[in-house]
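**Q** let me see the structure of the following:
(one chain, ligands or ions: 2)
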Amino acid sequence: MPATEHAIFKPGAATTTRAVALLRAGLPIGLPTETVYGLAADACDDKAVARIFEMKGRPTFNPLIIHTASAEMAERFVDFPEAARTLARHFWPGPLTLVLPRKPDCPVSLLASAGLDTLAIRVPAHPAARDILTAFGGPLAAPSANRSGHVSPTTAWHVVEELPVALVVDGGACTVGVESTIVGFEGTTPLLLRPGGVAAEDIEAVLEQRLARRAVNDAINAPGQLNSHYAPNAGVRLDAADVAADEALLAYGPPLTGAALTLNLSPAGDLAEAAANLFAMLRALDHPGISGIAVMPVPETGLGQAINDRLRRAAAPREGRT
Ligand code: TXA
Ligand code: MG
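**A** Ligands and ions are numbered 1, 2, ... in the order given. Below is the predicted model of the structure:
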């Protein structure tokens with residue numbers, strides 16, 4: 001049964017104490033980050049990590065992102081090649097996840113990384129997340145706090161609507177709004193595994209090198225399994241050039257007219273604003289009374305790559321979705 005508003009707590013010393021007590025007891029909490037809300041638990045506790053998979057209904061072959069309070073803490077768990085160090089210096093704290101080799105004595109639960117010899121790791125920028133990570137003093141595994149396959153949460157309310165958590169720290173609406181960009185390495189070659197909150201172009205500018213493109217699904221040897229994701233209950237139709245009277249419209253720029261219900265990702269065509277609005281608007285348009293959600297085209301540059309990646313998965317066929 002979903003929790004209620006009584007599970008939502010404003011950030012502050014009392015909330016941090018309560019959150020850390022739950023984490024130490026092996027219970028997951030709702031954690032605000034600048035990208036999306038996470039379902040966070042002690043990354044070194046197998047049982048706590050198992051609870052995350054269970055609460056989300058997430059397949060255990062899909063590994064989780066590990067969050068630390070600092071790059072120094074991350075260094076205890078993984079090896080950093082030179083390029084990774086450069087990226088961490090530029091983009092941490094922030095919406096960048098690095099997939100790096102686990103150190104031999106890395107104490108992070110193998111369940112969290114699905115038995116892989118790498119860890120996906122990041123240092124979030126949200127002050128409430130940093131507070132709790134610092135007070136907890138260890139790494140937290142945190143996937144997005146939604147049921148597996150559904151739309152990611154960008155407010156504390158979205159979390160309590162679908163997961164039975166005892167506590168969500170209310171960090172306000174997420175400012176980035178799409179998940180972190182994931183970068184891995186094949187030897188010394190950097191790979192873009194998932195477009196996200198840091199534009200690929202900005203990473204390429206720092207590395208002075210192009211990122212090779214590789215879907216995260218190939219990297220975890222589960223091709224196609226997770227193609228349908230971020231999906232509202234209503235069907236999603238992309239690149240809409242027209243809209244039916246019984247459809248909801250997700251607009252970008254000057255909107256099409258005639259829809260039953262319209263929300264605009266960014267009337268002025270600002271991609272950062274559109275990313276911040278994406279998941280909340282998909283949820284808000286997801287009405288039983290509409291035949292589907294029509295989405296206007298979004299440019300494939302900068303944060304547009306992350307937005308279009310999420311929209312394509314929201315629109316993907318749902319057979320066999322987990
Ligand atoms: O912004 C974010 O990254 C949010 C917030 C909460 O930090 N977290 C998030 O986690 O998006 P999640 O679990 O929804 O997505 C994690 C992604 C999955 O696609 C997973 O397959 C990939 O990271 N991943 C995790 N560990 C990996 C590894 N060792 N190698 C390759 N991919 C990995
Ligand atoms: Mg997710």
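
**Q** enumerate the residues of the protein near ligand 1.
**A** 33, 35-36, 38, 62-65, 95, 97, 99, 113, 116, 118-120, 124, 142-144, 179-180, 182, 193-194, 216, 219-220 (Cβ under 6 Å from any ligand atom). No exception for glycine: its C-beta is placed from N, CA and C like everyone else's.

**Q** now do the helices in the stretch 151-300 of the chain.
**A** Secondary structure of the stretch 151-300 of the chain (DSSP state H, counting those that start in this stretch): helices at 156-162, 200-207, 216-219, 271-285.

**Q** and those helices as CSV, adding mean neighbour count and mean pLDDT?
**A** Listed next are the helices of the stretch 151-300 of the chain as CSV, based on neighbours: other Cβ atoms under 10 Å; pLDDT from 0 to 100:
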stretch, mean neighbour count, mean pLDDT
helix 156-162, 22, 96
helix 200-207, 15, 98
helix 216-219, 16, 52
helix 271-285, 22, 97
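
**Q** dump these to CSV, plus distance to Arg312.
**A** What follows is these, written out as CSV (distance: least, Cβ to Cβ, whole Å):
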stretch, distance to Arg312
helix 156-162, 21
helix 200-207, 16
helix 216-219, 13
helix 271-285, 13
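
**Q** how near is the spatially most central residue of the chain to Asn308?
**A** Geometric centre of the chain, nearest residue: Glu179, 3.3 Å, by Cα atoms, centre = their mean. Noted for Glu179: a distance of 14 Å to Asn308, by Cβ to Cβ, to the nearest Å.

**Q** one more: Ser70?
**A** 33 Å.

**Q** who's more crowded, those two?
**A** Asn308 (19 against 14; other Cβ atoms under 10 Å).

**Q** can you tell me the SS state at that one?
**A** Assigned by DSSP: H, G, I helix; E, B strand; the rest coil, the conformation of Asn308 is helix.

**Q** look up the pLDDT of it for me, please.
**A** Model confidence at Asn308, given as pLDDT, is 97.

**Q** OK, contacts around it?
**A** Shown in contact with Asn308 (Cβ atoms under 8 Å, 6 or more residues apart in numbering): Val298, Glu300.

**Q** so the residue nearest to the centre of the chain makes contact with Leu193?
**A** No - using Cβ atoms under 8 Å, Glu179 is not in contact with Leu193; the gap is 11.4 Å.

**Q** picking that back up, take the residues of the chain next to ligand 1 and keep only those in strands.
**A** Counted as lying in strands by DSSP state E, out of those, are Gly38, Ile65, Thr97, Val99, Thr118, Leu119, Ala120, Ile182, Leu193, Arg194.

**Q** possible to save those as JSON lines with pLDDT, distance to Glu162 and neighbour count?
**A** Shown next, in JSON lines, are these (pLDDT from 0 to 100; distance: Cβ to Cβ, whole Å; neighbours: other Cβ atoms under 10 Å):
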{"residue": "Gly38", "pLDDT": "98", "distance to Glu162": "14", "neighbour count": "29"}
{"residue": "Ile65", "pLDDT": "97", "distance to Glu162": "19", "neighbour count": "25"}
{"residue": "Thr97", "pLDDT": "98", "distance to Glu162": "23", "neighbour count": "28"}
{"residue": "Val99", "pLDDT": "97", "distance to Glu162": "27", "neighbour count": "24"}
{"residue": "Thr118", "pLDDT": "96", "distance to Glu162": "29", "neighbour count": "19"}
{"residue": "Leu119", "pLDDT": "97", "distance to Glu162": "27", "neighbour count": "26"}
{"residue": "Ala120", "pLDDT": "97", "distance to Glu162": "23", "neighbour count": "27"}
{"residue": "Ile182", "pLDDT": "96", "distance to Glu162": "24", "neighbour count": "21"}
{"residue": "Leu193", "pLDDT": "95", "distance to Glu162": "26", "neighbour count": "24"}
{"residue": "Arg194", "pLDDT": "94", "distance to Glu162": "22", "neighbour count": "23"}
